[in-house]
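**Q** Sequence below, structure please.
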Amino acid sequence: METLDNIKKYNALAHSLKKFAIIVIGSITVFAILAGVFELFDLRLVLDRPLFLSVALLSLLIPVTGIILGVLFVRRKVASVKTGEWRDELSHGFPSALKILVELDWEKTFDEISMGKLSYALYALLKTAAYWAVSFFALSFLGNAVIYLILQRIVFSSGILWGALALLIVLLVLSKNIWKRYKEILALDMLLMELRWFSFEFRRAEFKT
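**A** Residues are numbered from 1 along each chain as shown. Sure, this is the predicted structure:
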């Protein structure tokens, strides 16, 4: 039952995934538009160096803030899920536990586990992609700005270089988190298999009774 409570949290995550994507992608889009405006109007040449660097740093706060707000939104939705409502009934012993198992909608439970696993994986991928996008924009934007401040001329570095470096940084920073999520997804697969076996045995025993 504690595991099924966790599945409820995964499903709450699934329901908030769309708004999370809108918040994160929207903030990254705003930043990308600002970066395009900087390039289009050559603001490096209009603004003095300290002011240009300050504006660049402030603009980076937009996607960073978007990711923070998105993560906090998802956590608030997940934390609002009511759990442990079955504890009082289970406190009455085996008959109450048997009643819960008999009334449990097994097929719906299996669907919820599958949906929870999928939403959890999508959330992890989207979150990682958002970190990579922010890192890429930050490295390319600030990297080119620093090059300009040092060389006093515009030199655009390869986007492939910044993208690879951003990917390396994200993988190093999130390596433990990615591994943890991978193991949790595998655990959900094992849980689904075990519950299917248990439901089959339980129904067969119930039929014999």
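**Q** who does the longest helix that the chain contains touch, helix- and strand-wise?
**A** Counting residues, the longest helix found in the chain (DSSP state H) is helix 159-208. For helix 159-208, the packing partners by 3 or more Cβ pairs under 8 Å, 6 or more residues apart in numbering; DSSP states H and E come out as helix 106-151. In short, each C-beta sits where N, CA and C put it, glycine included.
**Q** Helix 159-208 and the helix it packs on, what's the angle between them?
**A** Angle of helix 106-151 versus helix 159-208, following axes from the mean of the first three to the mean of the last three Cα atoms, to 10 degrees, is 170 degrees.
**Q** For the longest helix of the chain, the averaged confidence score.
**A** Helix 159-208 carries an average pLDDT of 80.
**Q** same thing with stretch 139-153?
**A** For stretch 139-153, the mean per-residue pLDDT is 67.
**Q** Pull the CA coordinates from the helix or strand harbouring Leu98 and hand them back as CSV.
**A** Using DSSP states H and E, Leu98 sits in helix 94-103. Extracted C-alpha coordinates of helix 94-103, given in CSV (Å, rounded to 0.1, in the frame of the first residue of the first chain):
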residue,chain,number,x,y,z
PHE,A,94,-6.0,-9.4,8.6
PRO,A,95,-9.8,-9.1,7.8
SER,A,96,-9.3,-5.5,7.0
ALA,A,97,-6.2,-6.2,4.9
LEU,A,98,-8.2,-8.9,3.0
LYS,A,99,-11.0,-6.5,2.4
ILE,A,100,-8.7,-3.9,0.9
LEU,A,101,-7.2,-6.5,-1.5
VAL,A,102,-10.6,-7.8,-2.5
GLU,A,103,-11.9,-4.3,-3.3
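**Q** tell me the mean pLDDT over that helix?
**A** For helix 94-103, mean pLDDT is 72.
**Q** which outside residues touch that helix?
**A** For helix 94-103, contacts defined as Cβ atoms under 8 Å, 6 or more residues apart in numbering pick out 1, 86, 89-90, 202, 206.
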